[in-house]
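>>> Predicted model and sequence below, questions to follow.
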Amino acid sequence: MSADLSTDAEITWCPGCGNFGILNAFKKVVKKLEDKGVDRDKLVISGGIGCHGKIIDYVGLSGLYSIHGRSMATVQGIKLGNPNLKVLAFAGDGDAFGEGIAHMIFAAKRNADITVVVHDNGTYALTTGQFSPTSNKGFKGPSLPQGNIEEPLNPLGLLLEAGASFVARGYSGKIDHLSDIIVQAVLHEGFSVVDVLQPCVVFNNTYKLYNEITEIISKPAENFEEAVMLVKEFRDRMPIGVFYKVNKPVFHREFYGDWNPVVDKVSRNERLKLIEDFV
Ligand SMILES: Cc1ncc(C[n+]2csc(CCOP(=O)(O)OP(=O)(O)O)c2C)c(N)n1
Ligand code: SF4
């Protein structure tokens, strides 16, 4: 792994794409985590399919591509295989809130100790601009030349209701702020989601809008009800920051108890004995 986390892969994102902001923020995240004692070899990442997923190739960390909407499931499996790791799933809004929405909801419900970073550009960009669950009403693209007739989903409201224990929103144009949020998300034990407002300069160029309406909040909501109100506020201003953070029982601890599959490895003979006893 190179010290600056760069790789040999050629970056093929369009110049100006908001994905660059997320990539730069994430490289800062890894360094900040190292300063806090989390080694980079303890971080494992996975991405979905779409423009966003290429981040896996551009960061020199252990990781793999998942299929559509499945990066959240992949990292849950990795976490159960080795609970000593910190795992992050990168997903597009099509991935996370369309194709993989069930994985999001149930990961939040069981409070799986994973971090999901959603590159939310309000479109299926790689497949040339179809509308996605977070496309605004009126959004036009090649598949919807007359404009989207549906209201957008409010994904953070949905995930709060599902049981998410850490809910945040960032903006790829505010890199330092975004990296601070992702660091907090990774350090949080339990399901954490960071919905990142990410302009797509080709199919949904939202830089002007987000530069005008995003507003950093100073602290999380005092309670669940206030958090629900905060994440729904997006008419005149779009709050960004950590909205909600609460400690709750975490899936792998509830499931394994004191047992750790890495430390307390079962030998082959012990496994055979267990099967024999069972049969
Ligand atoms: C099984 C399957 N379904 C659908 C597609 C087409 N496809 C490729 S990427 C993508 C979604 C991309 O949208 P998003 O997750 O928002 O990512 P973005 O490209 O915007 O980063 C889709 C539907 C595919 N290649 N294979
Ligand atoms: S199509 Fe949009 S999301 Fe994809 S690389 Fe280009 S600007 Fe970025």
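Ah, there it is. Numbers count the residues shown, from 1 in each chain. Ligands and ions are numbered 1, 2, ... in the order given.
>>> neighbours around residue 231, how many?
23 (other C-beta atoms under 10 Å). Where C-beta positions appear, they are placed from N, C-alpha and C, glycine not excepted.
>>> do you know how far it is from residue 77?
Using C-beta to C-beta, to the nearest Å, we find residue 231 at a distance of 28 Å from residue 77.
>>> Same check on residue 94?
In this structure, residue 94 and residue 77 are 22 Å apart, going by C-beta to C-beta.
>>> what do you get for residue 39?
21 Å.
>>> Also residue 69?
15 Å.
>>> So for those two, which residue has more residues nearby?
For residue 69 and residue 77, the more surrounded residue by other C-beta under 10 Å is residue 69, and the numbers stand at 23 against 12.
>>> List the contacts of the closest residue to the more buried one other than its chain neighbours.
Closest residue in space to residue 69, ignoring its immediate chain neighbours: residue 100 at 2.4 Å, by C-beta to C-beta, 6 or more residues apart in numbering. Applying C-beta atoms under 8 Å, 6 or more residues apart in numbering to residue 100 gives the contacts 48, 68-73, 91.
>>> In a markdown table, list those along with secondary structure.
As requested, those are arranged in a markdown table below (DSSP: H, G, I helix; E, B strand; the rest coil):
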| residue | secondary structure |
| --- | --- |
| 48 | coil |
| 68 | coil |
| 69 | coil |
| 70 | coil |
| 71 | helix |
| 72 | helix |
| 73 | helix |
| 91 | strand |
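>>> burial count for the closest residue to ligand 2 within the stretch 151-279 of the chain?
The nearest approach of the stretch 151-279 of the chain to ligand 2 comes at residue 200, 3.2 Å away (C-beta to the nearest ligand atom). The tally of other residues near residue 200 (other C-beta under 10 Å) stands at 25.
>>> so where's the protein uncertain?
In the predicted model, the chain carries pLDDT under 70 at residues 1, 235.
>>> which helix in it runs the most residues?
Assignment by DSSP state H gives helix 19-35 as the longest helix of the chain.
>>> is that one anywhere near ligand 1?
No: applying C-beta under 6 Å from any ligand atom, one finds helix 19-35 out of contact with ligand 1, separated by at least 7.3 Å.
>>> quick one: the helices in this protein?
For the chain, the helices defined by DSSP H occupy 19-35, 55-58, 71-81, 93-94, 101-109, 155-162, 175-187, 207-213, 224-232, 251-256, 268-278.
>>> Nearest residue to residue 111 in space, please, no chain neighbours.
Distances taken as C-beta to C-beta, 6+ apart put residue 190 closest to residue 111, at 4.7 Å, once the chain neighbours are dropped.
>>> burial count for the residue lying closest to residue 196 once chain neighbours are set aside?
Using C-beta to C-beta, 6+ apart and skipping the chain neighbours, the partner closest in space to residue 196 is residue 170 (4.8 Å). By other C-beta under 10 Å, 30 other residues sit near residue 170.
>>> Spit out the contact partners of residue 170.
With contact taken as C-beta under 8 Å, 6+ apart, residue 170 is in contact with 25, 177-178, 181-182, 194-197, 240-241.
>>> and with 7 Å instead?
Residues near residue 170 by C-beta atoms under 7 Å, 6 or more residues apart in numbering: 177-178, 181, 194, 196, 240.
>>> partner residues bridging residue 117?
As for beta bridges, residue 117 partners with residue 90, residue 194 under DSSP bridges.
>>> got the contact list for it?
88, 90, 182, 194, 196.
>>> Export those residues to CSV and append columns for distance to residue 164 and neighbour count.
Shown next, in CSV, are those (distance: C-beta to C-beta, whole Å; neighbours: other C-beta atoms under 10 Å):
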residue, distance to residue 164, neighbour count
88, 15, 25
90, 17, 33
182, 15, 26
194, 11, 26
196, 15, 27
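>>> And the contacts of the longest helix of the chain?
Residues from elsewhere that reach helix 19-35 (C-beta under 7 Å, 6+ apart): 5, 13, 40, 43, 51-52, 55, 58-59, 119, 172-173, 175, 178-179, 182-183, 186, 196, 198.
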